[in-house]
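Asks: Sequence first, then the predicted structure, then my questions.
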Amino acid sequence: MTPSPLPRIVILADRNGHDLLPLTRETPVALLGVATRTLLDLCIDSLLPLAPTDIDVVVCAHSDRIRQHIERTRGGQVSATYVLSQGEEAPRKVLHRAGRLLASDYLVLRADMLRTGDLAAFVSAARHLQAGCVSAVVGGEPAGLWYCASENDLDAIPGWPLDFKAMATLQLDNGHSDPLTDLRAFHRSNLQALAGHISALELPGRSAGNGLIVGRNARCAVRPESNAQVLLGQGAQVFAGVSLRGKVLIADHAIVDRDSLIEDSVILPHSYIGPGVELRQAIVSGNSLIRADSGAELTVVDAFLLADLKHAELPARIAAPLHSLAGVILLVLSAPLWPLAAFMAWREHPNQPIVQHEFLGRPAAAMAAAIQRQSYVGWRWNTSIPILRALPQLLALIRGQLRLFGTAPLSPAEANGRDADWQHLTDKAPPGLIGPTQLVLRPDDPLEERLLSDAFYVRQRNLRVDLSLLLRAGISLFGPRAWRRGAQP
């Protein structure tokens, strides 16, 4: 069969990304960036010399984000058909299941790894080779790019990880390839891009001298130190007093506050670096600090040090007093209930009217720089009436150990017992007095059910949701559920 002028183009973006955690907890590998350009954009850009009009995109986790990204950045340029995979499957199996195998020849390429090169020359050379399935290589290693003369030849293409499988190979002209198999490789590729060591990869932005390249609407109030190479993405900001050394990438809409030191580090989009913070050989993603050499991760709970600007609360110095003030107001309003709570607890349990519980909450003010939640001892009236039982939690709110809105506080044992990635989503929001889990579920309901409720809240959380919770909590105070013995308000 004579090949058509353009082979069917299949983009694989279904890599699970476990080897790049925590960067891939909420972002698919294909949308990770190298020098502020996503891997998916670099992949599609390499296809432009072929003038494609229709592509198949194989997706799995976060498929909605990939679809939105293509529609936002390529709207009308290409028509994309999305094929759902279980993740890292063999391409022929996925395309067969989706009924997408009606073509004369195929060009298959992975969009969840770094690759640059001349694809038009590769397709032309592979067609003349007439070897069934041909794999592109760079430096003797597979480049995640294949040309197949028929659908039967697709059987030779592996899923992830890359493999030759004894097929014919062609060197990718002007090519560079890196599968980005770990965090160290991701960090290294970004620094190589800044140094100009990745062929056919242009740094976006304008040169501002002194090794500084500035993206659109980005602002830098300092000059990098001598021999430094710095790239600021779109809308990024660097304030006065910051020291930039070595190779530094500050991606789109990231902010580096005054008097910080950044050296040989990669700051991912929408990350905030607080004043006076020092980073060396690091990757920062929101409030996650990752050592590039070891992959060790620290989650910083103090938004004054590191923060995710997409989910950021008010800065700690502003938010803490406001939440404490709310606790004082609620304590005053609840004053008539405290004698009743004490009487009911003494009546039900005269030998132990109040009980202690250990929870994980926000660090106290004196420990604001802590990198993990601190345990604290809270109290509850030993009564079966829910609204009375929970009154002492107002004291934790006043002390700053709880927020007004947030996830249900966990005990240290419950926090340590979480064994799935999605269960740690609850750490993206502070523990709070009011939340959907506290309003709907009971403390003795299964932990997985409570974590699922909180994980859903974290993904949907915004000011409107919190205000609706406040209204719901106020209404529930006058309902039978708040006063029924053994119930949960």
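Replies: Yep, that arrived.

Asks: How far off centre is the longest helix along the chain?
Replies: Ranked by residue count, the top helix of the chain under DSSP state H comes out as helix 316-333. Relative to the chain's own centre, helix 316-333 is displaced by 30 Å; criterion: C-alpha atoms, centre = their mean, to the nearest Å.

Asks: ranges for the helices of the stretch 101-250 of the chain?
Replies: Using DSSP state H, counting those that start in this stretch, the helices of the stretch 101-250 of the chain run over residues 119-129, 183-194.

Asks: Please save the CA atoms from the first one in CSV.
Replies: It stands for helix 119-129. Extracted C-alpha coordinates of helix 119-129, given in CSV (Å, rounded to 0.1, in the frame of the first residue of the first chain):
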residue,chain,number,x,y,z
LEU,A,119,10.8,14.8,12.5
ALA,A,120,10.2,15.5,8.8
ALA,A,121,13.6,14.1,7.9
PHE,A,122,13.0,11.1,10.1
VAL,A,123,9.7,10.3,8.4
SER,A,124,11.2,10.6,5.0
ALA,A,125,14.2,8.4,5.9
ALA,A,126,12.0,5.8,7.6
ARG,A,127,9.7,5.5,4.6
HIS,A,128,12.7,4.9,2.3
LEU,A,129,14.1,2.3,4.7
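
Asks: helices or strands next to it in the packing?
Replies: Helices and strands touching helix 119-129, by 3 or more C-beta pairs under 8 Å, 6 or more residues apart in numbering; DSSP states H and E, are strand 106-110, strand 141-148, strand 168-171. Any C-beta I mention is one placed from the backbone N, CA and C, and that applies to glycine too.

Asks: where does the stretch 151-300 of the chain have low pLDDT?
Replies: The model of the stretch 151-300 of the chain has pLDDT under 70 over residues 164.

Asks: ok, now with 80
Replies: Applying pLDDT under 80 to the stretch 151-300 of the chain flags the ranges 163-166.

Asks: about what we covered before: I'd like to know which elements whichever helix or strand comes after the longest helix of the chain is packed against.
Replies: Next along the chain after helix 316-333, taking DSSP states H and E as the criterion, comes helix 337-348. For helix 337-348, the packing partners by 3+ C-beta pairs under 8 Å, 6+ apart come out as strand 374-381, helix 386-389.

Asks: Out of the ones you listed, which one sits most buried?
Replies: Of the helices and strands packed on helix 337-348, the one with the most neighbours on average (mean count of other C-beta atoms under 10 Å) is helix 386-389, at a mean of 21.

Asks: quick one: average pLDDT of it?
Replies: Helix 386-389 comes out with an average pLDDT of 81.

Asks: Can I get whichever helix or strand comes after it as CSV, trimmed to CA atoms?
Replies: Going down the chain from helix 386-389, the next helix or strand is helix 393-399, by DSSP H and E. C-alpha atoms of helix 393-399 as CSV (Å, rounded to 0.1, in the frame of the first residue of the first chain):
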residue,chain,number,x,y,z
GLN,A,393,-12.1,23.1,69.8
LEU,A,394,-12.7,26.9,69.8
LEU,A,395,-9.6,27.1,72.0
ALA,A,396,-7.5,25.4,69.4
LEU,A,397,-8.9,27.9,66.8
ILE,A,398,-7.9,30.8,69.0
ARG,A,399,-4.4,29.4,69.5
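
Asks: quick one, strands of the stretch 201-350 of the chain?
Replies: Listed in chain order, the strands of the stretch 201-350 of the chain (DSSP state E, counting those that start in this stretch) span 206-207, 212-214, 219-220, 229-232, 237-238, 243-250, 255-256, 261-267, 271-273, 278-280, 282-285, 288-291, 297-299, 306-308.

Asks: Tell me which of the helices of the stretch 101-250 of the chain is the most buried.
Replies: Mean neighbour counts for those (mean count of other C-beta under 10 Å) peak at helix 183-194, with a mean of 21.

Asks: contact partners of it?
Replies: For helix 183-194, contacts defined as C-beta atoms under 8 Å, 6 or more residues apart in numbering pick out 20, 23, 32, 34-35, 114, 178-180, 198, 201, 203, 229-231, 247-249, 264, 266, 281, 283, 290, 292-293, 295.

Asks: Check which helices and strands the longest helix of the chain sits against.
Replies: Packing contacts for helix 316-333, counted by 3+ C-beta pairs under 8 Å, 6+ apart, involve helix 393-399, strand 403-405.

Asks: partners of the last one, with directions?
Replies: For strand 403-405, sheet partners with direction are given as strand 432-434 (parallel), following DSSP bridges.

Asks: residue ranges with poor pLDDT in the stretch 301-450 of the chain?
Replies: 301-304, 309-321, 323, 357, 359-378, 386, 419-429, 442-444.

Asks: Recalculate using a threshold of 70.
Replies: Those would be 302-303, 311-320, 361-375, 421, if you go by pLDDT under 70 across the stretch 301-450 of the chain.

Asks: With distance to residue 57 as extra columns, can I get the helices and strands packed on helix 337-348 in JSON lines?
Replies: Below are those laid out as JSON lines (distance: least, C-beta to C-beta, whole Å):
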{"stretch": "strand 374-381", "distance to residue 57": "44"}
{"stretch": "helix 386-389", "distance to residue 57": "49"}
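
Asks: follow-up on the earlier one: reformat the strands of the stretch 201-350 of the chain as CSV; add distance to residue 352 and mean neighbour count.
Replies: Converted to CSV, the strands of the stretch 201-350 of the chain look like this (distance: least, C-beta to C-beta, whole Å; neighbours: other C-beta atoms under 10 Å):
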stretch, distance to residue 352, mean neighbour count
strand 206-207, 70, 10
strand 212-214, 64, 21
strand 219-220, 60, 17
strand 229-232, 60, 25
strand 237-238, 55, 23
strand 243-250, 55, 23
strand 255-256, 50, 24
strand 261-267, 52, 23
strand 271-273, 46, 26
strand 278-280, 49, 15
strand 282-285, 46, 24
strand 288-291, 42, 20
strand 297-299, 36, 15
strand 306-308, 42, 22
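
Asks: can you redo these as CSV with distance to residue 462?
Replies: Shown next, in CSV, are the strands of the stretch 201-350 of the chain (distance: least, C-beta to C-beta, whole Å):
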stretch, distance to residue 462
strand 206-207, 35
strand 212-214, 32
strand 219-220, 28
strand 229-232, 28
strand 237-238, 24
strand 243-250, 26
strand 255-256, 21
strand 261-267, 25
strand 271-273, 18
strand 278-280, 30
strand 282-285, 21
strand 288-291, 21
strand 297-299, 21
strand 306-308, 14
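
Asks: For residue 380, find the nearest of those.
Replies: Closest to residue 380 of these is strand 297-299 (C-beta to C-beta; 28.0 Å).

Asks: I'd like to know how far residue 273 sits from residue 284.
Replies: The gap separating residue 273 from residue 284 is 7 Å, by C-beta to C-beta, to the nearest Å.

Asks: Name the residues contacting each of those two.
Replies: Among the neighbours of residue 273, those also in contact with residue 284 (C-beta under 8 Å, 6+ apart) are 267, 306.
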